[in-house]
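Peer 1: Fold the stuff below for me.
(4 chains)
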4 protein chains.
Amino acid sequence: MRLSIDVHLDYGIAGDADVLLQIEAAAMPDQRIEEQSLTIWSDSPIRAVPGEDGIGQRCWARGHGRLTAVYRAVVKVERPVVALGAYGTTPPRLLPGDVTAYLMPSRYCQSDRFEGFVAREFPGLDGGALAAALSAWVGNALDYRMGSSSGETTALDTFASRSGVCRDYAHLLVALARAGGIPARCVSAYAPGVDPPDFHAVAELWLDGAWRLVDPTGMASCGDIARVCIGRDATDIAFMTVFGQATLWTQTVRVRALDDETA
Amino acid sequence: MRLSIDVHLDYGIAGDADVLLQIEAAAMPDQRIEEQSLTIWSDSPIRAVPGEDGIGQRCWARGHGRLTAVYRAVVKVERPVVALGAYGTTPPRLLPGDVTAYLMPSRYCQSDRFEGFVAREFPGLDGGALAAALSAWVGNALDYRMGSSSGETTALDTFASRSGVCRDYAHLLVALARAGGIPARCVSAYAPGVDPPDFHAVAELWLDGAWRLVDPTGMASCGDIARVCIGRDATDIAFMTVFGQATLWTQTVRVRALDDETA
Amino acid sequence: MRLSIDVHLDYGIAGDADVLLQIEAAAMPDQRIEEQSLTIWSDSPIRAVPGEDGIGQRCWARGHGRLTAVYRAVVKVERPVVALGAYGTTPPRLLPGDVTAYLMPSRYCQSDRFEGFVAREFPGLDGGALAAALSAWVGNALDYRMGSSSGETTALDTFASRSGVCRDYAHLLVALARAGGIPARCVSAYAPGVDPPDFHAVAELWLDGAWRLVDPTGMASCGDIARVCIGRDATDIAFMTVFGQATLWTQTVRVRALDDETA
Amino acid sequence: MRLSIDVHLDYGIAGDADVLLQIEAAAMPDQRIEEQSLTIWSDSPIRAVPGEDGIGQRCWARGHGRLTAVYRAVVKVERPVVALGAYGTTPPRLLPGDVTAYLMPSRYCQSDRFEGFVAREFPGLDGGALAAALSAWVGNALDYRMGSSSGETTALDTFASRSGVCRDYAHLLVALARAGGIPARCVSAYAPGVDPPDFHAVAELWLDGAWRLVDPTGMASCGDIARVCIGRDATDIAFMTVFGQATLWTQTVRVRALDDETA
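Peer 2: Down below sits the predicted model:
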C-alpha cells in the first residue's frame, strides 16, 4: 500500500527552546520512502540524529517564540500480513543482544507487575500463540475512548480502567508480552483509518527472529502502517519533546491510502 | 461460635517510641467479649482511645528498648451467615453520612481507577448481586501466596499480579466494590483457620442498611470472624504503628474455635 | 471579619447521576453563619448528611442532564490569629482518639515517605516550632502556578516539582506535619483574596489541644477563612463528587470582605 | 589503579529458568582487563551478547535447581580525575544521537518531575557547574543507610526519604541531571571501599562530549571504578535477572586495590 502523509505542527514556544521532533517515516526494507519533505522554521540549524536502535531519525530544532513544521511524504509499504499465532517461541537466553532490553519493564509498561496475570490467564501459551492471545485480549478488554487517559497513564492504569487511546493499547500489549517472555516495543507510526486522524502508536513483538507489527486497537492492518520510530514506551517515541514550554496552536495529521497503488 | 484468642508481641524498639496498638477484639452486638486481658509492658501509662468510627479501641503505649504485649480473650460471635446476593441496592444519595466516606478512593484502594473494569465486566449488576459477583471474582482471580506482596502493595498492583495475602484480597474487593457504588471498608480481625496463623484482614460492604462482613480469601466464614477495628484500608487497621523504629523479635497469634460452644 | 460568599455551579450531567456537594460554610464557634441559602435544581429530594468528623455538611442531589446550584451566605469569622510557633508539643500517645487518624499517611499526603526529610532538615523541632518552620518552608519552596498540577498530583510530586496550587500547598504541608508527628488535615474553605477566585484549600494542624488553621500559600490570614469541610486530603473535601459523568459549563466563586464589619 | 575482583554467586532456582548475568568488568579504553575468568555452572551453553550501547556484555545462562557463578578479574583503571565543574555545557540540540535517550525520564529516574526543583534551587547553572552542584547536593542531602530502600524505590521516593543505598544515590543524581538538561545514565561497577562489599552503582553524566563517572555516595573516586555495564536506570544494570524464581543462597563480592600498582 502507498500512503500519502501530511503533517502540520504549529506551536507557541515560551522564549527559546530546543525541540526534538520524530515525525519522519523511517526508511526501512518494508516501507520505502518515495517522496519526502520536512520543513522546519527554526532559528538555528536543523540537526538530524539516528532514532532508537538506528531506526528512523530524530530531528533537533530550536524554537524562538514559535515552532512550525510541515512534513509531507509518500511511503510505499510492502509487508506481508501474517497471523501472529503462526510464529514460534524463542527462549530469552537465545535472544539477540539488542533485543534483550525490550524484555525489561519500563516506566509506562511495568511488565514485572503483570507476570501473575499472564501466567494465570494464558497458561501453557508462549511465542506466537501467546502473542496472538494477548493482542486479541487487549483489543477486546479495552474501550477506545478519547480523553480517557493522559500522558501519565501507565499500562497498570489502563489495565484497571479498561479504556484508553492507541498509546494505552500499545503500552498494555507491550507490558503483557514482556511479562510473558516476548520482547516488545512501542512504535510511533502513520496509518490510514486512524480516527480521529493523528499520530498513531502500535506495538512490535519479537517473534521467530524478527519484529512483528501489531495494532491492538484493530484500526490498522500491519500492512498499512508506516513506522516513524520505536522505543521502550511513549517516553522514547514522542513526536515532539520540548526542552522548555510550548503551547499547541494547530496540529493536523492526514494519512491517506493512494488510489493508484495498483499502478 | 466462641473463639479463644492468644496474641504475643515482642518487639525491639530503638530508644523510646510511642506505639499504637489495635489488637483487642471490639465489643459489638454480634461479637461479645466474654473474657479479655491485655498486658503491655510500657514505661508510661497505657491510654485507650476509640477506634475509627467508634468501633473497638486503639491503645497507646510507650516502648523503651522493647515493647511486649500479651492479649488473651474469649469472644462469642453470633452472626447469621446470609448470602450477599440477597441484599438490595442503596443509591449513593441515600447513604448515611458516616458511610459516605467509604465510597471514596483511598491510598491502597484506588477505586476511581477501577470504574471502567467494574462497569465493563459486571454490567447491569448492583447492590448485593454485584457484591456477590465481585467477592467471588476476587476469590477466583487471585492466588494466596505468602511473600507475594509488601506493605506498599496497592489494589492496582494486586489486580495485575493476581496474587497476595489477606490484606491484598481485602484491598482489591474494597476497591472494586467502591468502584461499583457500594461503600466498603477494611477490617482487621481474628478468625480460626487462617493459615499461617496471624492477624486477618477482611472486608465489610454496606448493603441494605448495614455493614456485611466478607472474607474474599474464603478462609473464614463471616460467622467465625471477630473484628478488631475497621478503616478505609490497611493504613487505618494496622495492629501496631510505631512512631519510631522497631524490630520484630517474636510474634504469635493463635485463634481457636472452642469445643464447648454448644454449652 | 464578615465574608459575603456567592457560588454558582452549572454542570452538564450525562444521563442521571447522584451528586455529592460540599459547598456550604460550616457552622462552628469561630465562624457563625449569618445568612445562608443553597438552591439546587435536582430532580429528586436534596438530602444533607454530616461532613467528616461532624464538621459542616454534605448535600446529596441528583442531576438529570444538568446540575445547577447557587449558594449565598454571609459568615462572620472571629478567630484570633496566633503565631504557630507559640504552641507546645503533644506526643502522639496523648492525642484524642478522633485526632489519631490524622497522623496517618493518606493517598495524596504520603507522610510516611517524608519522615527522613523532616527529621534531617528540621532537627530538634517539634510542636508549634516545627509547624511554623514547615509552613514557612512550604510557602517559600513552592511557586504558585495555575495549571502546574492535576487532580492526580500528590505531595510527593509537588515536593519535586516545587509548584502547585492551593490544594498542593495544603497537601505538602499536611504530609510534612504528619511526618513530624503533628496531626494534620485538609480544609476546603472560602477566603477573600484568592486569585483567581475559587474554592480554597488550606490545612489544619493539631497543636496544644486544638486544630489551628494555616494557609501555606499565604493568600489568606487564618482570621479570614471560612471552613466548608475537612478531611484527610483532597479525596474528602472535593466541593463536588459526581457518581457518573459531568461536564463543567460555568462555575463562579466570589468571596468578599464586607465593609460594614465594624458595625 | 589495579583492582582485583572476586565474585561468587550461588542461587537456588525453582525448576528451570533462563538467567541474565551482568557481572564482567567491561573492556574499555580507561579500564583494561588484565586477567579475567567467568565460570557458570549452567545446564545449557552460556551465551554472551553485547551490553546496552555496546558497553560490556550480558551473559545468558540456564539454571536448573541452582545457579552458581564465579568471576575473577584484575582490571587496570586509568582514568584522570577531573572536577566536574570544569566541564562546559552542551545544549540538547547538539547532543549525539545515542546520547539523546539519556535525557529522557525513566522508571526509577523520573526526571520530568524534578524540573521545578532543579530550576528553582540551582538557578543560572548548567553543564559542569550544574553537575558539580547536583552531585554535591545529593551527597549531602542523603544518609547512606542499608535497608532503607527496596527494588521498587524511585528517585522521587529517595528525594523525600533522604536516605538510600548506592543505587538510590545514582538514581537521584541521574534524575536531577536529566531534569537540568544533562544526559545521565546509571552504571553498575566494582570499586574498592564499598562498605559493605557489594556490587556498586554510580552515575555517568555527559559533559563536554564524553561520559564522566561520578560516585554521588563519595565512596569511590572515579579513578578507582571499573564499569560493568550501563543503562537508563537499575532496570538495565541488574547484575542478575532471573526469568523465573530464585532464592539467594550465598553471594560475595570482593574488590581490592592491588598493592603492586606502583610496579
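
Peer 1: Three-state assignment for residue A:7, please.
Peer 2: Taking DSSP: H, G, I helix; E, B strand; the rest coil as the rule, one finds residue A:7 in the strand state.

Peer 1: same check, this time on residue A:115
Peer 2: Secondary structure assignment for residue A:115 (three-state DSSP): helix.

Peer 1: Setting the sequence-adjacent residues aside, check what's closest to it.
Peer 2: Nearest in space to residue A:115, with sequence neighbours left out and distances taken as Cβ to Cβ, 6 or more residues apart in numbering or on different chains, is residue A:179 at 4.8 Å. Glycine gets a C-beta too; all of them are placed from N, C-alpha and C.

Peer 1: Could you report the neighbour count for that neighbour?
Peer 2: With neighbours defined by other Cβ atoms under 10 Å in any protein chain shown, the count for residue A:179 comes to 26.

Peer 1: ok, now residue A:136?
Peer 2: 14.

Peer 1: Any idea how far the helix or strand hosting it is from the middle of the chain?
Peer 2: Under DSSP states H and E, the secondary-structure element containing residue A:136 is helix A:127-141. Relative to the chain's own centre, helix A:127-141 is displaced by 18 Å; criterion: Cα atoms, centre = their mean, to the nearest Å.

Peer 1: close to chain D, is the helix or strand where residue A:18 lies?
Peer 2: In this assignment (DSSP H and E), residue A:18 forms part of strand A:2-21. Yes - Strand A:2-21 lies in contact with chain D when judged by Cβ under 8 Å from any Cβ of the partner chain; the contacting residues are A:18-20.

Peer 1: same for whichever helix or strand comes after that strand, what does it pack against?
Peer 2: Along the chain past strand A:2-21, the next helix or strand (assigned with DSSP H and E) turns out to be strand A:31-41. Contacting strand A:31-41 under the criterion 3 or more Cβ pairs under 8 Å, 6 or more residues apart in numbering or on different chains; DSSP states H and E are the following elements: strand A:57-77.

Peer 1: now, among the residues of strand A:2-21 next to chain D, which is nearest to chain D?
Peer 2: For these, the minimum distance to chain D (Cβ to the nearest Cβ) is 4.3 Å, reached by residue A:18.

Peer 1: contacting residues for that closest one?
Peer 2: Each residue near residue A:18 by Cβ atoms under 8 Å, 6 or more residues apart in numbering or on different chains is listed here: A:60-62, A:242-244, D:91-93.

Peer 1: rerun at 7 Å
Peer 2: When contacts are counted by Cβ atoms under 7 Å, 6 or more residues apart in numbering or on different chains, residue A:18 touches A:60, A:62, A:243, D:91-93.

Peer 1: buried subset of those?
Peer 2: Among those, those classed as buried by 16 or more other Cβ atoms under 10 Å in any protein chain shown are A:60, A:62, A:243, D:92-93.

Peer 1: Go through those residues and name the one nearest chain B.
Peer 2: Checking the buried ones among the contacts of residue A:18 against chain B by Cβ to the nearest Cβ gives residue A:243 as the nearest, at 31.5 Å.

Peer 1: Now render the buried ones among the contacts of residue A:18 as a markdown table, adding distance to chain C.
Peer 2: Output for the buried ones among the contacts of residue A:18, formatted as a markdown table (distance: Cβ to the nearest Cβ, whole Å):
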| residue | distance to chain C |
| --- | --- |
| A:60 | 26 |
| A:62 | 25 |
| A:243 | 16 |
| D:92 | 20 |
| D:93 | 25 |
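
Peer 1: Going by distance to residue C:68, which of the residues you listed wins?
Peer 2: Distance to residue C:68 across the buried ones among the contacts of residue A:18 (Cβ to Cβ) is lowest for residue A:243, with 44.5 Å.

Peer 1: How about the closest one, nearest residue that isn't a chain neighbour?
Peer 2: residue A:18 (4.4 Å).

Peer 1: Ok, residue A:96 next?
Peer 2: Using Cβ to Cβ, 6+ apart and skipping residues adjacent in sequence, the residue nearest residue A:96 is residue D:49, 6.6 Å away.

Peer 1: ok, how many other residues are close to that neighbour?
Peer 2: 17.

Peer 1: any idea what it is structurally, helix, strand or coil?
Peer 2: Once three-state DSSP is applied, residue D:49 turns out strand.

Peer 1: Verify the contact between it and residue A:101 for me.
Peer 2: No - using Cβ atoms under 7 Å, residue D:49 is not in contact with residue A:101; the gap is 10.4 Å.

Peer 1: Buried residues, the strand holding residue A:18. List them.
Peer 2: By neighbour count on 16+ other Cβ under 10 Å, the buried set for strand A:2-21 is A:2-5, A:7, A:9, A:11, A:13, A:17-21.

Peer 1: Can you tell me which of those residues is nearest residue D:223?
Peer 2: Closest to residue D:223, out of all of the buried residues of strand A:2-21 and judged by Cβ to Cβ, is residue A:18, at 33.2 Å.

Peer 1: thinking again about what came up before, can you show me the CA trace of the strand holding residue A:18 as PDB?
Peer 2: What follows is strand A:2-21 as a C-alpha-only set of coordinates in PDB (Å, rounded to 0.1, in the frame of the first residue of the first chain):
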ATOM      1  CA  ARG A   2       1.100   3.500  -0.700                       C
ATOM      2  CA  LEU A   3       0.400   6.100   1.900                       C
ATOM      3  CA  SER A   4       0.300   9.900   1.500                       C
ATOM      4  CA  ILE A   5       1.200  11.700   4.700                       C
ATOM      5  CA  ASP A   6       0.700  15.400   5.500                       C
ATOM      6  CA  VAL A   7       1.600  16.800   8.900                       C
ATOM      7  CA  HIS A   8       1.400  20.400  10.000                       C
ATOM      8  CA  LEU A   9       2.600  21.400  13.500                       C
ATOM      9  CA  ASP A  10       2.400  24.900  14.800                       C
ATOM     10  CA  TYR A  11       3.300  25.500  18.400                       C
ATOM     11  CA  GLY A  12       3.900  28.600  20.600                       C
ATOM     12  CA  ILE A  13       7.200  28.500  22.400                       C
ATOM     13  CA  ALA A  14       7.900  30.500  25.600                       C
ATOM     14  CA  GLY A  15      11.200  32.300  24.800                       C
ATOM     15  CA  ASP A  16      13.700  29.900  23.200                       C
ATOM     16  CA  ALA A  17      13.700  26.100  23.400                       C
ATOM     17  CA  ASP A  18      15.400  23.200  21.900                       C
ATOM     18  CA  VAL A  19      12.800  20.900  20.300                       C
ATOM     19  CA  LEU A  20      13.200  17.200  19.400                       C
ATOM     20  CA  LEU A  21      11.000  16.000  16.500                       C
END
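
Peer 1: angle of it against strand A:31-41?
Peer 2: Counting by axes from the mean of the first three to the mean of the last three Cα atoms, to 10 degrees, strand A:2-21 points 40 degrees away from the direction of strand A:31-41.

Peer 1: roughly how far is strand A:2-21 from the heart of the chain?
Peer 2: The chain centroid and the centroid of strand A:2-21 are separated by 17 Å, computed with Cα atoms, centre = their mean.

Peer 1: Now that strand: average pLDDT?
Peer 2: Per-residue pLDDT values over strand A:2-21 give a mean of 95.

Peer 1: same check, this time on stretch A:202-222
Peer 2: For stretch A:202-222, mean pLDDT is 96.

Peer 1: Start and end of that stretch, how far apart?
Peer 2: In terms of Cα to Cα, to the nearest Å, the two terminal residues of stretch A:202-222 are separated by 9 Å.

Peer 1: Give the buried residues for that stretch.
Peer 2: Neighbour counts using 16+ other Cβ under 10 Å place A:202-207, A:211-217, A:219-222 of stretch A:202-222 among the buried residues.

Peer 1: The stretch 151-263 of chain A: helices as residue ranges?
Peer 2: A:155-161, A:166-179, A:234-237 (DSSP state H, counting those that start in this stretch).

Peer 1: Distance to residue A:140 and mean pLDDT added to those helices, as JSON lines?
Peer 2: As requested, the helices of the stretch 151-263 of chain A are exported to JSON lines (distance: least, Cβ to Cβ, whole Å; pLDDT from 0 to 100):
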{"stretch": "helix A:155-161", "distance to residue A:140": "13", "mean pLDDT": "98"}
{"stretch": "helix A:166-179", "distance to residue A:140": "11", "mean pLDDT": "98"}
{"stretch": "helix A:234-237", "distance to residue A:140": "23", "mean pLDDT": "96"}
